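S.K.: This is the structure alone, sequence omitted:
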Ligand code: ZN
Ligand code: ZN
Ligand code: FE
């Protein structure tokens, strides 16, 4: 007999890890004990050599789904002659911080109980266990114990207490443990917020859904607006009430089989959908779906955002209503954070929801649904929120704590502690007052949890970002240095951070909508040479006027004209003249502005996509972010091999030849899907060739792809494949979004690097 000390790090608390270790130990005849401590789980194990190795292997292989083992260290320990294996209480020491689990989708065991009429939790919408249920969204204080959660007001009944105290029970120390007798419950309110006199609120809500009504449903991280996805009138009504003419609605479907009847679902997409994080996955619509839904859900797009029910209430709504696919969109006013309090939702969503299905457990940590798409077998997150936060990201270096405040329209902050970065959930558009309040509220909680005081704060170079203003205030209040980092450089650093790349030189292709640079032009199609805390803009997309500044980011006709002028000069082709004439009286003034370059210049790739989408007549207005580009990509013929020419200059990638070819091809009647494909192919070729040129000059072979434009799966694929063919090594964002909510991570790395240089 020998003894070992086994240390397990990662997400191993609040996920039923100790009872799991207990069962494995008993099975393998291992004696000793297991406990939670500051670093994770610590096991003292006594057994013979052989049992020991099978024991450790079983821990690795059979670890509960929501856990995430990062590291197992084994060292020999003193033999004590233990005669049992036991779970010993955790030692809560001062200054302790343990990893907080993200919220976890309802597990299969709980689901079976939920629909078992003989179970005492039959149809109870708050069923959970140590493998599933809310975590982040209910935690106020650490350590993670019931009194520090919004479950505190609910006193467990006798049966629940017994489960909670039984080491072998699935609900041993499950902090949100509850049942119908002792736990939270749902209530249905009418459109004025008055309680409806009904016992079975869920059943009535389901009847209303079947009648085509829109219900605000309180879930895990906030409210959803839920409605029957097959009802065209309801969809139209919801679009009017939410003032959301085009933006696609996410769907919550009954099960993975239903998803497969609407969209193609690969093995890895299925894995993501069914994972404890249960994100919205952007799935390719089937050409011939077995289950036909109205096009109005996501018109003009080739993908649908689909997720599976992740809270018991979702399973119940789908099951009782019998509706196979429900619209489930964030319950918020336009650009505001998702609503999460009962009074708030009744106020904010009055006139949008026909009824409110609320419950009496407070949501502490507000989170939206996370969103992503599959690329090369892994999910690329475009919104990182519920199910992922506050899971930390390991960094390549460890330094004193740093706060970074992210960008603007996709509010997120990051806090570093040691070599870990804690990202906030998506906080909404920071130009809104409510989002700023939320920013400060979440930051306060994170600081309390992590027990840190930042040594420095990092923000964007943009002087007018709301996040910059906040950062300036924090720096003054806390008397700490403030560092400003250029937007696209931060994008590039986010790739280095999440892949833990070494402190080397890299080429970054940062393509997005816009980013500030003090040179007075708008950046957004950049090739950067990144080196430590410095970067150099080695090349960029050709710059054209962005007439009207921000207005042109919405009105794609302006960029269409700008690119037409760039490509043809004054002798505009007929089609461009036609677009110009849609401006009526202001057409002349506009053409002067563009011609004389009397407006800010931009190298934005996002605006180039807008221009092409509009020239092609696919879409001329971004009623939501990325609408024009997404609709342009949606029609691209994947089989088309032709490509347009992007001229490669010394430091300019110039789309003008491509623009001329596009006008010519439209004239000769080439189908738009071919033109769109040739544009994508050509742009990808241009990016690859420019990267290769810089790579040779600088003797670098690693290319970082980042920025919102790389949320385009087609372009990402073309560029990644092209770079590999050329012998270059591409890296892209996955863990954090390529878009602006990933910027905070890059800023954090900048801060760490800066402080490690001193
Ligand atoms: Zn469970
Ligand atoms: Zn109970
Ligand atoms: Fe950006």
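M.R.: Looks like it came in fine. On a predicted model such as this, the values are computed, not experimentally measured, just so you know. Ligands and ions are numbered 1, 2, ... in the order given.

S.K.: C-alpha only now, for contacts and for neighbours.
M.R.: Fine.

S.K.: I figured residue 363 hits residue 137, correct?
M.R.: Yes: using Cα atoms under 8 Å, residue 363 is in contact with residue 137, at 5.8 Å.

S.K.: the longest helix in this structure is where?
M.R.: helix 672-698 (DSSP state H).

S.K.: and after that helix, which helix or strand comes next?
M.R.: Using DSSP states H and E, the helix or strand that follows helix 672-698 in sequence is strand 702-706.

S.K.: So what touches the next helix or strand after that next one?
M.R.: Later in the chain than strand 702-706, the nearest helix or strand by DSSP H and E is helix 713-725. With contacts defined as Cα atoms under 8 Å, 6 or more residues apart in numbering, helix 713-725 is touched by 373, 375, 633, 680-681, 684-685, 687-688, 692, 710, 729-730.

S.K.: hey, which helix or strand in this protein has the poorest pLDDT?
M.R.: Least confident helix or strand of the chain, by mean pLDDT, DSSP states H and E, is strand 393-399 with a mean of 85.

S.K.: That strand: how far from the chain's middle?
M.R.: Centroid displacement of strand 393-399 relative to its chain, using Cα atoms, centre = their mean, to the nearest Å, is 21 Å.

S.K.: Show me what that strand is packed up against.
M.R.: Packing partners of strand 393-399 (3 or more Cα pairs under 8 Å, 6 or more residues apart in numbering; DSSP states H and E): strand 414-423, helix 487-498, helix 743-756.

S.K.: partners of it in the sheet?
M.R.: Applying DSSP bridges, strand 393-399 is found paired with strand 414-423 (antiparallel).

S.K.: Go through the next helix-or-strand element following the partner strand and flag the buried ones.
M.R.: Proceeding N to C from strand 414-423, the next assigned helix or strand is helix 433-450, under DSSP H and E. Within helix 433-450, the residues that count as buried by 16 or more other Cα atoms under 10 Å are 435, 436, 438, 439, 442, 443, 445, 446, 449, 450.

S.K.: Distance check, the closest residue to the third one other than its chain neighbours against residue 736.
M.R.: For residue 438, the nearest residue in space outside its immediate sequence neighbours is residue 427; the separation is 6.9 Å by Cα to Cα, 6 or more residues apart in numbering. Relative to residue 736, residue 427 is positioned 14 Å away (criterion: Cα to Cα, to the nearest Å).

S.K.: now residue 16
M.R.: For residue 16, the distance to residue 736 - Cα to Cα - is 27 Å.

S.K.: still on that earlier bit, deepest in the core, which of the helices and strands packed on strand 393-399 is it.
M.R.: helix 487-498 (a mean of 29; mean count of other Cα atoms under 10 Å).

S.K.: Which residues does it contact?
M.R.: Looking at what lies outside helix 487-498 - Cα under 8 Å, 6+ apart - the contacts are 393-396, 407, 460-461, 502, 508-510, 515-517, 524, 526, 528, 530, 535, 704-707, 731-736, 738, 740, 742-747, 749-750.

S.K.: Where does the most far-flung residue of the chain relative to its centre sit, in terms of helix or strand?
M.R.: Here the chain reaches farthest from its C-alpha mean at residue 81, the gap being 49.4 Å by Cα atoms, centre = their mean. Using DSSP H and E, no element contains residue 81; it sits outside every helix and strand.

S.K.: ok so, going back, next, show the common contact partners of residue 363 and residue 137.
M.R.: Each of 220, 221 lies in contact with both residue 363 and residue 137 under the rule Cα under 8 Å, 6+ apart.

S.K.: Just say helix, strand or coil for the closest residue to residue 535 other than its chain neighbours.
M.R.: Residue nearest to residue 535 in three dimensions, not counting chain neighbours: residue 529, with 5.4 Å by Cα to Cα, 6+ apart. In three-state terms, and counting by DSSP: H, G, I helix; E, B strand; the rest coil, residue 529 is strand.

S.K.: Model confidence score at residue 529, please.
M.R.: Residue 529 is assigned a predicted lDDT (pLDDT) of 98.

S.K.: Please report the distance of it from residue 514.
M.R.: Taken as Cα to Cα, the span from residue 529 to residue 514 is 19 Å.

S.K.: how close does the closest residue to ligand 1 within the stretch 151-300 of the chain sit to ligand 2?
M.R.: Relative to ligand 1, the nearest point of the stretch 151-300 of the chain is residue 170 (7.7 Å; Cα to the ion). According to Cα to the ion, to the nearest Å, residue 170 and ligand 2 sit 14 Å apart.

S.K.: Residue 427 and residue 736: which has the busier surroundings?
M.R.: With neighbours defined as other Cα atoms under 10 Å, residue 427 and residue 736 compare such that residue 427 has more, 28 against 25.

S.K.: avg pLDDT for stretch 534-551?
M.R.: 96.

S.K.: cool, and stretch 260-269?
M.R.: For stretch 260-269, mean pLDDT is 98.

S.K.: So for stretch 623-640, mean pLDDT?
M.R.: The model assigns stretch 623-640 a mean pLDDT of 97.

S.K.: Next, the residue most central in space within the chain: phi, psi?
M.R.: In the chain, the residue lying closest to the centroid (Cα atoms, centre = their mean) is residue 383, at 1.8 Å. Per-residue torsions, residue 383: phi -140, psi 120 (degrees, to the nearest 10).

S.K.: remind me which residues of this structure are low pLDDT?
M.R.: Residues of the chain meeting the criterion pLDDT under 70: 91-99, 757-758.

S.K.: Domains in it, by residue range?
M.R.: 2-87, 186-371, 379-490+739-756, 522-528+540-732 (automatic domain parsing).

S.K.: Can you pull the residues of the stretch 201-350 of the chain lying near ligand 1?
M.R.: By the rule Cα under 5 Å from the ion, no part of the stretch 201-350 of the chain lies against ligand 1.

S.K.: Quick check, residue 651 in contact with residue 536.
M.R.: No: between residue 651 and residue 536 there is no contact under Cα under 8 Å: 11.7 Å.

S.K.: These two: which has the busier surroundings?
M.R.: Remark: of residue 651 and residue 536, residue 651 carries more neighbours, 16 against 12, as counted by other Cα under 10 Å.

S.K.: now that one, nearest residue through space, not along the chain?
M.R.: residue 539 (4.1 Å).

S.K.: With residue 422 instead?
M.R.: residue 392 (4.7 Å).

S.K.: Could you confirm residue 513 falls within a strand?
M.R.: Yes: assigned with three-state DSSP, residue 513 falls within a strand.

S.K.: Can you classify the spatially closest residue to it that is not a sequence neighbour by secondary structure?
M.R.: Closest residue to residue 513 apart from its sequence neighbours, by Cα to Cα, 6+ apart: residue 606 at 4.5 Å. Secondary structure state of residue 606, per three-state DSSP, is helix.

S.K.: can you check residue 244 too?
M.R.: coil.

S.K.: What about it, how many residues nearby?
M.R.: Residue 244, neighbours per other Cα under 10 Å, totals 15.

S.K.: can you check the one 3 residues further on too?
M.R.: Summarising burial for residue 247: neighbours were counted as other Cα under 10 Å, giving 19.

S.K.: Name the next helix or strand following the least confident helix or strand of the chain along the chain.
M.R.: Per DSSP H and E, strand 393-399 leads on to strand 402-404 as the next helix or strand towards the C-terminus.

S.K.: follow-up on the earlier one: verify the contact between the residue nearest to residue 513 and residue 522 for me.
M.R.: No: between residue 606 and residue 522 there is no contact under Cα under 8 Å: 11.5 Å.

S.K.: shared neighbours of the two, anything?
M.R.: Residues touching both residue 606 and residue 522 (Cα under 8 Å, 6+ apart): residue 514.

S.K.: which ones are touching the residue nearest to residue 651?
M.R.: By Cα under 8 Å, 6+ apart, the contact set of residue 539 is 526, 527, 528, 650, 651, 652, 653.

S.K.: What parts of this protein come near ligand 1?
M.R.: 107, 110, 128, 129, 131, 132.
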